[in-house]
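Can you look at this prediction? I've put the sequence above it.
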Amino acid sequence: MNEAEIREMEKEVLATIWTSNEAYETLRELCDDIGHRFGGSESEKQGAEFLKAKMEEYGLDNVRIEEFPMATWERGAAKLTLLEPVEREFSCISLPYCPAADLTGELLDVGDGEEDDFERLGDQVKGKIVISKAETNRPGERGSHRTDKYRWAEERGALAYIYVNQNPGLLHITGSLRGRNQQGTTAEDREAPIPAIGVSKESGSMIMRMMERGTAKVHIELDNKTVMSTSRNVVGEITGSEHPDEVILMGGHFDGHDISQGAGDDGAGTITGLEAGRALAQLKGKLKRTVRIICFGSEELGLLGAWHHADETDPDSYRFVMNLDGAGRGQGGQERVVLSGWPELSKWLEDWSEEHHYDFIIQDQLNSHSDHFPFAVRGIPNGTLNSMDATAGMIGRGYGHTEADTFDKIHPRGLQMSAALVARLAIAMSQADDFPAQRRSVEDTRAQMEEAGLLARLEASGQIPG
Ligand SMILES: [Zn+2]
């Protein structure tokens, strides 16, 4: 395939994307009519059917819904009362998989909730209700994940965890908890061993001020349930004309948190993939390798859809997996690809960026917290394409995982620009006969995770077998 032919293909997909408002309107329907799409809920099921109908309308091949059993979670009432040094009630929410609870305990400030904070506090953690920011990401920095902090607290015998949102606006922070048995799949395995709740930055700050006055005691009353259900992925393809068994997989997760519309996390990423699929469907018969568009279910509950799809498909069939968690946000023009430990692909992407006159950020940093990861542990070349949420002053997840992750934060141009980049990269990956990355062996993959300082943590958290 020569360069000129590739340029013609790009013109076609760019014209499709730039002359239409389809992506924006589809996301609006997903957010306003279908709603949160929480993993295993009726809303997620409706979302799957809606996305499947869209894929059929766009003319994708082999459109299907992949169902899988899983444990979902039902939110009940939550009450947080400060008993000492003064009596006050604070608004709070339970985090997904939080068990029902009725307990009283003394509060302990664990600072940033990093591992050395827990080491330093040692025995003091036992029997306490610990409190820290959910994720202490300062600009340009990445602190530990909520679930790691939770594990450090639980291991040291904490009674419960209170997570404080790091952005202002009276917004509660949410995010799922790890189950008491990560290897298991039943509702009992998946329910979290100790309760955890989310509070706003403002409530958290006031609680911290109260703690300075003396010993602080709180009462927590929560009513939740973890129950078995079904979740689903939605899949459609543009079948490759020369190598149909070689697959470029791309997509975001369409499930969201039950307190919001899941517009930026990750409705926009899902729709970015779908829009790229709509444009690429115009190239049927011209793409050498198969491009598979996937909308992952239940990412927020432990990457469940991605684990399922990785389990059910041949790891040798993949040329590349592009996760779109966080794509399509912002005003456009702030896209970045974060490779998961593939230096040979950094160079390939840099060359592509230069030759195709489109700038985006290219990083290489292995992490385990989104849908690329079940493919990464199998040694499959992968990365995540996302775009910065340009909302002024927000840090970390921004409005993500709060009530304010709603459609009004998404811009049509942000969706178009992400979809255009995804579609163009898909063309390049599908047509290249000299793609530089190949699947790694299990040993090489483990060695790489060890080097990235992830192996011990992943084994401990049950994310990969020890
Ligand atoms: Zn996400």
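Done, it's in.

Show the low-confidence segments of the stretch 51-200 of the chain, by residue range.
136-142 (pLDDT under 70).

At which residues are the helices of it located?
Along the stretch 51-200 of the chain, counting by DSSP state H, counting those that start in this stretch, helices occupy 115-121, 146-155, 187-190.

next structured bit after the helix ranked longest in the chain?
Selection of the longest helix in the chain by residue count, based on DSSP state H, yields helix 412-431. Using DSSP states H and E, the helix or strand that follows helix 412-431 towards the C-terminus is helix 442-451.

Tell me which other helices or strands that following helix touches.
If contacts are counted by 3 or more CB pairs under 8 Å, 6 or more residues apart in numbering; DSSP states H and E, helix 442-451 sits against helix 455-460. Bear in mind the C-beta positions are built from the backbone N, C-alpha and C, glycine included.

Could you list the residues of the stretch 151-300 of the chain in contact with the ion?
Applying CB under 5 Å from the ion, we find that the stretch 151-300 of the chain lies next to the ion at 265, 266.

What of the stretch 1-150 of the chain?
Counting by CB under 5 Å from the ion, no residue of the stretch 1-150 of the chain is near the ion.

Where do the strands of the stretch 1-150 of the chain begin and end?
For the stretch 1-150 of the chain, applying DSSP state E, counting those that start in this stretch gives strands covering 61-74, 78-84, 88-90, 93-94, 101-109, 129-133.

Listing partners with orientation, what would you give for the third one?
For strand 88-90, sheet partners with direction are given as strand 78-84 (antiparallel), following DSSP bridges.

Ok, the shortest one next?
Taking DSSP bridges as the criterion, strand 93-94 sits next to strand 196-199 (antiparallel) in its sheet.

next SSE after the partner strand?
By DSSP H and E, the next helix or strand past strand 196-199 is helix 201-211.

Which strands or helices does that next one pack on?
Using 3+ CB pairs under 8 Å, 6+ apart: helix 201-211 touches strand 88-90, strand 101-109, strand 129-133, strand 160-164.

Identify each buried residue in that helix, please.
For helix 201-211, burial by neighbour count (16 or more other CB atoms under 10 Å) applies to 201, 202, 203, 204, 207, 210, 211.

I'd like those residues as TSV, with distance to residue 352 and pLDDT appended.
Output for the buried residues of helix 201-211, formatted as TSV (distance: CB to CB, whole Å; pLDDT from 0 to 100):
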residue	distance to residue 352	pLDDT
201	41	97
202	45	98
203	47	98
204	44	98
207	49	98
210	54	96
211	52	96
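
At the geometric centre of this structure, which residue do we find?
In the chain, the residue lying closest to the centroid (CA atoms, centre = their mean) is residue 370, at 4.5 Å.

ok so, going back, would you turn the helices of the stretch 51-200 of the chain into TSV with distance to residue 379 and mean neighbour count?
As requested, the helices of the stretch 51-200 of the chain are exported to TSV (distance: least, CB to CB, whole Å; neighbours: other CB atoms under 10 Å):
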stretch	distance to residue 379	mean neighbour count
helix 115-121	28	15
helix 146-155	24	22
helix 187-190	27	18
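
okay if I get these as TSV plus distance to residue 53?
Shown next, in TSV, are the helices of the stretch 51-200 of the chain (distance: least, CB to CB, whole Å):
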stretch	distance to residue 53
helix 115-121	46
helix 146-155	34
helix 187-190	30
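
Out of those helices, the one nearest residue 325 is which?
helix 146-155 (15.6 Å; CB to CB).

which residues are in contact with that closest one?
Around helix 146-155, the neighbours that count as contacts under CB atoms under 8 Å, 6 or more residues apart in numbering are 110, 113-115, 118, 125, 130, 132, 134-135, 161, 163, 175-178, 192-194, 196, 457, 460-461.

in the stretch 201-350 of the chain, which spans are helices?
With helices called from DSSP H, counting those that start in this stretch, the stretch 201-350 of the chain shows them at 201-211, 268-280, 304-312, 343-355.

tell me the angle the shortest one makes with strand 61-74.
Helix 304-312 and strand 61-74 meet at an angle of 130 degrees, taking axes from the mean of the first three to the mean of the last three CA atoms, to 10 degrees as the criterion.

elements contacting helix 304-312?
Helix 304-312 sits against strand 61-74, strand 225-238, helix 373-376, with contacts defined as 3+ CB pairs under 8 Å, 6+ apart.

So for that helix, mean pLDDT?
The average of the pLDDT scores along helix 304-312 is 97.
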